[in-house]
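Q: the sequence and its predicted three-dimensional model are supplied below.
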Amino acid sequence: MLFVTADSKPDWWRMTSRGELRGPHRDLVKELHERAGTRLFMIQPDQLLKYAKSTLQVSVDEGSAAFVDQIGNSLADDEDLPTGDWGAEALKDLLVRLDYEAPVQAKAIRVAATKNGYISRNEVYALGDYDPNRQLKGFVRPAKRIVQEFRDKGVVPEEAVDVLATEYDHTNFGWASGFTLSEQLIPLLVP
């Protein structure tokens, strides 16, 4: 199997001491052989174009190679963003579940993402059309339950950050003042 990837992290590749890529990581080679009985070859997109041009005598526009480099660099930059061990697809799946099971929490997460990761108690009251005497105890529970389910199923790693946390009003014991979205998740929700 030939796997073309712009990813250059050490969990994918064997690397020299100078950081040069030397083929797929041995663990990946072993795992593919054990699971599929086949060999693994890996190549980066710019190398694929170079080899296609020389080996297959395919015409490759120089602009294509530059474009592939630009896309690869852009993807590498995005991968370097801290995302709390969440991927965009897993976070989307969480929000879809919350839309169905706890729609006010889903709305609160989306609103918090547009406000630097914070949504106030009053904003949550407005979203849910809640009685102002409601304390919002257990408000983050549906999100925490689904996140733990995702961890248990391997959708996200055990280290994945919790999505939503309660901030408490210290002058009014037991009452939430608002809720915070992990700041690491904001780039996944707000382009």
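A: Looks like it arrived, so ask away. Note that the structure is a prediction, hence the values are computed from the model and not measured. Numbering: from 1, shown residues only.

Q: can I get whichever strand or helix holds Ala90 in PDB, CA atoms only?
A: In the assignment (DSSP states H and E), Ala90 maps to helix 88-101. Extracted C-alpha coordinates of helix 88-101, given in PDB (Å, rounded to 0.1, in the frame of the first residue of the first chain):
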ATOM      1  CA  ALA A  88     -12.900  18.800  13.900                       C
ATOM      2  CA  GLU A  89     -14.900  15.700  13.000                       C
ATOM      3  CA  ALA A  90     -15.200  14.400  16.500                       C
ATOM      4  CA  LEU A  91     -16.200  17.800  17.800                       C
ATOM      5  CA  LYS A  92     -18.800  18.000  15.000                       C
ATOM      6  CA  ASP A  93     -20.200  14.600  16.100                       C
ATOM      7  CA  LEU A  94     -20.400  15.800  19.700                       C
ATOM      8  CA  LEU A  95     -22.400  18.800  18.700                       C
ATOM      9  CA  VAL A  96     -24.700  16.700  16.500                       C
ATOM     10  CA  ARG A  97     -25.400  14.500  19.500                       C
ATOM     11  CA  LEU A  98     -25.900  17.500  21.800                       C
ATOM     12  CA  ASP A  99     -28.300  19.100  19.200                       C
ATOM     13  CA  TYR A 100     -30.500  16.000  19.700                       C
ATOM     14  CA  GLU A 101     -30.000  15.200  23.400                       C
END
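
Q: list the contacts of stretch 147-158.
A: Stretch 147-158 has contacts (C-beta atoms under 8 Å, 6 or more residues apart in numbering) with Asp85, Trp86, Gly87, Ala90, Asp93, Leu94, Ala160, Asp162, Val163. (Each C-beta comes from the backbone N, C-alpha and C, glycine too.)

Q: just how off-centre is that stretch within its chain?
A: 13 Å (C-alpha atoms, centre = their mean, to the nearest Å).

Q: for stretch 107-127, same thing?
A: With C-alpha atoms, centre = their mean as the basis, the mean position of stretch 107-127 lies at 21 Å from the chain mean.

Q: ok, the residue of the chain positioned farthest from its centre to Glu123 distance?
A: Going by C-alpha atoms, centre = their mean, the residue of the chain most distant from its centre is Gln57, 38.6 Å out. Going from Gln57 to Glu123 by C-beta to C-beta, to the nearest Å gives 62 Å.
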